[in-house]
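Peer 1: I need the structure of the sequence given here:
(one chain, ligands or ions: 1)
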Amino acid sequence: MDEKHYGKTAIVTGASRGIGRAVSVELARCGYRVAVNYASDERGASETLDLIKREGTGGKIIRFDVANFEDTQKGVDEIISDFVSVDVLVNNAGITADGLFVMMPRKDWDSVINTSLNGFYNVTKPVLEKMIRQKRGAIVSIASVAALIGNRGQANYSAAKAGLIGASRALASEVARLGVRVNVVAPGLIDTGMTKNAPVENIKRLIPMARLGKPEEIAKVVRFLCSEDASYITGQVISVNGGMF
Ligand code: NDP
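Peer 2: So this is what the prediction gives:
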């Protein structure tokens, strides 16, 4: 699709690699300027921005920890003052800290909830205020198949991602009449740094397509949900998982 969004802008959290990078490049291909957020990997974020520029647009890299409310507020304020408008927000930043629940230290519970679920609040709140004033915007958050089936060893992650779905559905109904759409993409197993230590051969047996997904296969769905082609879609969860269930 060669749809162009000249002058449109997007914020992608956790865009220094993996799915966030692929989403940033896909949006750039549609003409968006992209604010590439990262927490620690400045070099990775710069590489993402280089890839965006190759698509003929631009943007900026911006460091903030989505788990930190004040840090995030400052970062979002800076983006808004540079970009003037914000058309798209992709809540992508996420981490895992796997372990059986009975042995899970409190810090592993907190860090995962703080990044995926509290991160959703911290980033979405200031961006939404702007989108409501603009009377337009699309928000897409990256959940996981774990939110829908509950993965063994991922109680923290499954809870955070399920919370993201509940929050997104509620928010979608609150802002549907204000020109803002809110949707969720729930990936299955995707070939990124997050899954590099996963037992891939065992996992493939659980996937009808018998392969991991590519970050670009998530990015294309995100791009669709952000586009005018999805103008009547809000409050939905789209699974992209090779047919896992
Ligand atoms: P990666 O580990 O490859 O990348 C994670 C990204 O998130 C990095 O850019 C990292 O930046 C950033 N990040 C982590 N914590 C923070 C934070 N506190 N503030 C800002 N940025 C942060 O992961 P993926 O690309 O695989 O995952 C992207 C999203 O997709 C996550 O939400 C993940 O849960 C979800 N997902 C992934 C699946 C998979 O199989 N890979 C499956 C289902 C969902 P930095 O390095 O600078 O910290």
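
Peer 1: drop to CA atoms for contacts and neighbour counts, all remaining ones
Peer 2: Noted.

Peer 1: pLDDT on the one helix or strand A219 maps to, on average?
Peer 2: Assigned by DSSP states H and E, A219 belongs to helix 215-226. Throughout helix 215-226, pLDDT has a mean value of 98.

Peer 1: Which strands border the longest strand seen in the chain, and is each parallel or antiparallel?
Peer 2: When the chain is parsed with DSSP state E, its longest strand is strand 180-187. Sheet pairing for strand 180-187, assigned by DSSP bridges, gives strand 137-142 (parallel), strand 237-240 (parallel).

Peer 1: Can you say which of these is nearest to the ligand?
Peer 2: strand 137-142 (5.4 Å; Cα to the nearest ligand atom).

Peer 1: quick one: contacts of that closest one?
Peer 2: With contact meaning Cα atoms under 8 Å, 6 or more residues apart in numbering, strand 137-142 is reached by 86-92, 120, 131, 164, 168, 179-187, 222, 225-226.

Peer 1: show me which of the residues you listed neighbour the ligand.
Peer 2: On the criterion Cα under 6 Å from any ligand atom, N92, P187 are the entries of the contacts of strand 137-142 that sit beside the ligand.

Peer 1: Next to the ligand, which bits of this structure? Give me the list.
Peer 2: Taking Cα under 6 Å from any ligand atom as the contact definition, the chain meets the ligand at 13-20, 38-41, 64-67, 92-95, 115, 142-144, 187-195.

Peer 1: Put the buried members of these into a PyMOL selection.
Peer 2: For the buried members of the residues of the chain next to the ligand, the matching PyMOL selection, counting by 16 or more other Cα atoms under 10 Å, is:
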select buried, resi 13+14+15+16+17+18+19+20+38+39+64+65+66+67+92+93+94+115+142+143+144+187+188+189+190+191
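
Peer 1: among the residues of the chain next to the ligand, which are in helices?
Peer 2: Using DSSP state H, the members of those that fall in helices are G18, I19, G20.

Peer 1: Out of those, the closest to L148 would be?
Peer 2: Closest approach to L148 among these (Cα to Cα): I19, at 19.4 Å.

Peer 1: tell me the centre residue of the protein?
Peer 2: N92 (2.1 Å; Cα atoms, centre = their mean).

Peer 1: Contacts only, for it.
Peer 2: The neighbours of N92, taking Cα under 8 Å, 6+ apart as the test, are V12, T13, G14, A15, I19, G20, S141, I142.
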